[in-house]
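I would like to see how this sequence folds:
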Amino acid sequence: MKTFLLSFLTFVFATSISAQSVKVSWATTHQTMDGFGASTGYVERNPNLTPSQADCFFSATNASCDTGNSIGLEWIRIQDSEDGTSTPDLTTLRLAVARGAKVFISFDFEYSFTSANWPSMTSYIIAKIQYLQSNGVPVAYLSPQNEPENNSSWTASILDQFTATSLVPGLTAAGLSIPIVLGEDSNWFRVDYVTPCMNDSSCTPYVPVVAGHAYGSGSVDGFPAGGYQCCTTYVPVPSSAAGKRVWQTEVNGGFSGPCASDSGLASYDPSMTDALVYAHNIHDFLTVANGSAWMFWNLQAQTAHGSPDCNDGITDSNFNPAKRFYAIGNWSKFVRSGWVRIDATASPASRIYVTAFKEGSSGNFAIVAVNQNSSPANVNFSLSGFPSVASVTPTLTSASVNLVDQATASVSSGFSYLLPANSVITFHGVASSTPSSSNPSAPNGLTAAVQ
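Numbering: from 1, shown residues only. Model (predicted):
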């Protein structure tokens with residue numbers, strides 16, 4: 001009787017909410033994705049992972065993962081330790097690479113950046129990359145300078161000249177063909193460090209990616225200043241970078257609280273409220289900046305200041321996941337490198353955000369919906385131009401559920417679903433010419449409302 005009453009009340013509540021409409025268009029495509037990732041921390045100082053912990057971060061399946069749900073990160077970012085012949089996180093890097101992750105290294109030269117130093121800087125970059133690669137860690141991309149605005153001797157023009165006249169020739173002479181990432185301003189593209197290179201035929205062919213960090217001085221979603229500046233609240237990607245891929249290579253939890261006195265970070269917040277800030281950030285990065293790779297600052301929360309942990313990890317200092325770990329996983333586990341973002345109604349109602357993706361050859365697709373509201377929201381998803389789809393599987397992250405599959409929802413030309421309050425949910429399935437068998441859920445997928 002209690003189960004029947006709960007189901008009846010859920011149905012009445014759902015039907016009393018005016019449904020919002022989202023159109024997802026199979027044939028209208030945007031950027032090709034490069035994936036999601038996180039960093040090993042400042043000067044690579046995180047403790048090394050165990051194999052099971054590495055599964056949690058980097059495996060696309062749940063094999064032996066401590067948390068029970070892995071998130072399939074495809075990138076591990078290194079902020080260089082400034083030692084060309086050692087890497088404190090070598091074990092972690094090897095474990096990540098063994099699980100299919102790619103390595104992006106960002107250098108952080110702090111001394112005066114003059115042309116007299118360019119040969120030694122180039123030699124250092126080459127030595128570090130060769131050291132990593134000789135130890136089983138191939139480097140996929142490099143950035144010659146992390147947050148160049150923090151070193152007054154860097155300018156966009158000098159960054160162009162260094163890249164074109166020293167770094168590229170040095171890499172070529174060493175037999176290294178590694179694509180270069182430029183920018184990485186801490187405040188997104190507040191300072192344009194990329195246009196001189198984009199306009200330089202000796203530089204731009206070697207720089208397929210421009211990047212920024214998502215920090216700043218504003219406040220979004222009630223989040224402390226410094227935690228969100230990507231894409232909409234500061235400046236757009238420079239027009240000179242048209243045709244380049246756009247990455248967001250660093251973001252973390254703001255500048256307030258006990259951690260601010262020595263690390264400039266907010267105290268560790270594992271809540272769903274915090275996770276929804278990053279879900280909104282990812283959505284804007286994808287739909288406004290048309291970005292292809294999104295990276296959180298740190299795998300593990302910083303502990304150098306003592307207790308409490310800082311809000312710069314997707315797990316705490318003991319590798320216990322925050323809710324943002326799973327919210328990021330609503331994209332990273334399903335939306336893989338090589339997938340393409342397809343058109344979807346980006347925000348059908350206030351504080352509801354939708355992105356959609358496909359892998360064309362297999363027919364796999366994923367639709368990620370964020371509901372930042374404190375009440376459920378009924379949404380009608382119409383699938384325009386899709387090959388035949390029989391059902392979708394919703395995978396939910398909420399205050400009580402961590403990236404858990406829900407009952408499948410049957411599909412005709414679309415489907416309706418009641419998005420739980422304060423949640424991120426990924427609808428994934430396969431579009432094919434022949435309908436697959438389905439396991440229909442309750443009407444309109446309403447089982448999710450009781451989570």
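
in what helix or strand does the residue nearest in space to the middle of the chain lie?
Most central in the chain under Cα atoms, centre = their mean is W294, positioned 3.1 Å from the mean C-alpha point. Secondary structure assignment for W294, by DSSP states H and E: strand 293-296.

which stretches of the stretch 1-150 of the chain form helices?
Secondary structure of the stretch 1-150 of the chain (DSSP state H, counting those that start in this stretch): helices at 2-15, 51-58, 90-98, 118-134.

now the shortest one and helix 90-98, what's the angle there?
Between helix 51-58 and helix 90-98, the angle formed by their directions is 60 degrees, by axes from the mean of the first three to the mean of the last three Cα atoms, to 10 degrees.

Point out where this protein drops to low pLDDT.
Scanning the chain for pLDDT under 70 picks out 1-18, 63-64, 216-234, 254-265, 303-306, 433-451.

From the chain's centroid, how far away is the strand holding W294?
Put simply, strand 293-296 sits 3 Å off its chain's centre (Cα atoms, centre = their mean, to the nearest Å).

For V379, find the nearest of the helices of the stretch 1-150 of the chain.
Evaluated over the helices of the stretch 1-150 of the chain, closeness to V379 peaks at helix 2-15, with 10.8 Å, by Cβ to Cβ. Every residue, glycine included, has its C-beta placed from N, CA and C.

picking that back up, who does the strand holding W294 pair up with?
Its sheet considered, strand 293-296 pairs with strand 35-39 (parallel), strand 245-250 (parallel) by DSSP bridges.

Please convert the helices of the stretch 1-150 of the chain to TSV, extending it with mean neighbour count and distance to S382.
Below are the helices of the stretch 1-150 of the chain laid out as TSV (neighbours: other Cβ atoms under 10 Å; distance: least, Cβ to Cβ, whole Å):
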stretch	mean neighbour count	distance to S382
helix 2-15	12	18
helix 51-58	23	35
helix 90-98	21	39
helix 118-134	17	48
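
For the longest strand along the chain, which helices and strands make contact with it?
For the chain, the longest strand by residue count, based on DSSP state E, is strand 20-32. Applying 3 or more Cβ pairs under 8 Å, 6 or more residues apart in numbering; DSSP states H and E, we find strand 20-32 packed against strand 340-344, strand 352-359, strand 364-371, strand 377-384.

which one of the ones you listed lies closest to S112?
Comparing the helices and strands packed on strand 20-32 against S112 with Cβ to Cβ, the closest turns out to be strand 340-344 (41.8 Å).

quick revisit: and the strands paired with strand 293-296 as TSV, adding distance to Y353 and mean neighbour count?
Formatted as TSV, the strands paired with strand 293-296 follow (distance: least, Cβ to Cβ, whole Å; neighbours: other Cβ atoms under 10 Å):
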stretch	distance to Y353	mean neighbour count
strand 35-39	16	26
strand 245-250	16	25
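
Which of the ones you listed sits closest to R336?
Using Cβ to Cβ as the measure, strand 35-39 is the one of the strands paired with strand 293-296 that comes nearest R336, at 6.5 Å.

List the contacts of that closest one.
The contact list for strand 35-39 (Cβ atoms under 8 Å, 6 or more residues apart in numbering) reads 57, 73-79, 101-102, 104, 250, 293-299, 314, 328, 331-332, 335-337.

Ok, stretch 391-399 next?
The set of residues external to stretch 391-399 that reach it, using Cβ under 8 Å, 6+ apart, is 271-272, 275, 323, 326-327, 329-330, 333-334, 367, 403-411, 415, 417, 420-429, 436, 438-440, 445, 448, 451.

can we see that at 7 Å?
Contacts to stretch 391-399, defined as Cβ atoms under 7 Å, 6 or more residues apart in numbering, come from residues 272, 323, 326-327, 330, 403-406, 408-411, 415, 417, 420, 422-429, 438-439, 445, 448, 451.

ditto for stretch 168-180
The contact list for stretch 168-180, computed with Cβ under 7 Å, 6+ apart, reads T122, I126, I129, V139, Y141, L142, P144, T163, Y206, V207, P208, V209.

Counting only strands, which of the contacts of strand 35-39 make the cut?
75-79, 102, 104, 250, 293-296, 298-299, 314.

So which of those residues wins on neighbours?
For these, counting by other Cβ atoms under 10 Å, the largest number of neighbours falls to L299: 30 neighbours.

Report the beta-bridge partners for the nearest residue to that one once chain neighbours are set aside.
Spatial nearest neighbour of L299, chain neighbours left out: A38 (4.9 Å); criterion: Cβ to Cβ, 6 or more residues apart in numbering. In this entry, A38 is beta-bridged to I76, F296, by DSSP bridges.

H213 now?
H213 has these beta-bridge partners by DSSP bridges: E250.

for N135, what are its contacts?
Residues near N135 by Cβ under 7 Å, 6+ apart: L90.

Distance of it relative to S337?
Distance of N135 to S337, given as Cβ to Cβ, to the nearest Å: 24 Å.

The closest residue to S292 other than its chain neighbours: neighbouring residues, count only.
Spatially, and ignoring its direct neighbours in sequence, S292 is nearest to D34 (4.2 Å; Cβ to Cβ, 6+ apart). For D34, the neighbour count with other Cβ under 10 Å is 24.

Pretty sure D34 sits against V246.
No. Contact criterion Cβ atoms under 7 Å: D34 and V246 do not qualify, at 9.6 Å.

what residues are shared contacts of those two?
Shared contacts of D34 and V246 (Cβ under 7 Å, 6+ apart): S292.

Checking the residue nearest to V246 when sequence neighbours are not counted next. Helix, strand or coil?
The shortest distance from V246 to any non-neighbouring residue, by Cβ to Cβ, 6+ apart, is to G291 (4.4 Å). Per DSSP: H, G, I helix; E, B strand; the rest coil, the secondary structure class of G291 is coil.

ok, G291 - contacts?
Taking Cβ under 7 Å, 6+ apart, we find G291 in contact with V246, W247, Q248, F285.

these two touch, right, the third one and A214?
What it means is Q248. Yes. Taking contacts as Cβ under 7 Å, Q248 lies within contact range of A214: 5.4 Å.

What separation do you get for T91 and S134?
Counting by Cβ to Cβ, the separation of T91 from S134 is 16 Å.

Check D192 too.
Distance of D192 to S134, given as Cβ to Cβ: 37 Å.

Tell me the strands beside the helix or strand containing L418, with direction?
For L418, the host element (DSSP H and E) is strand 414-419. With DSSP bridges as the test, strand 414-419 is paired with strand 377-384 (antiparallel).
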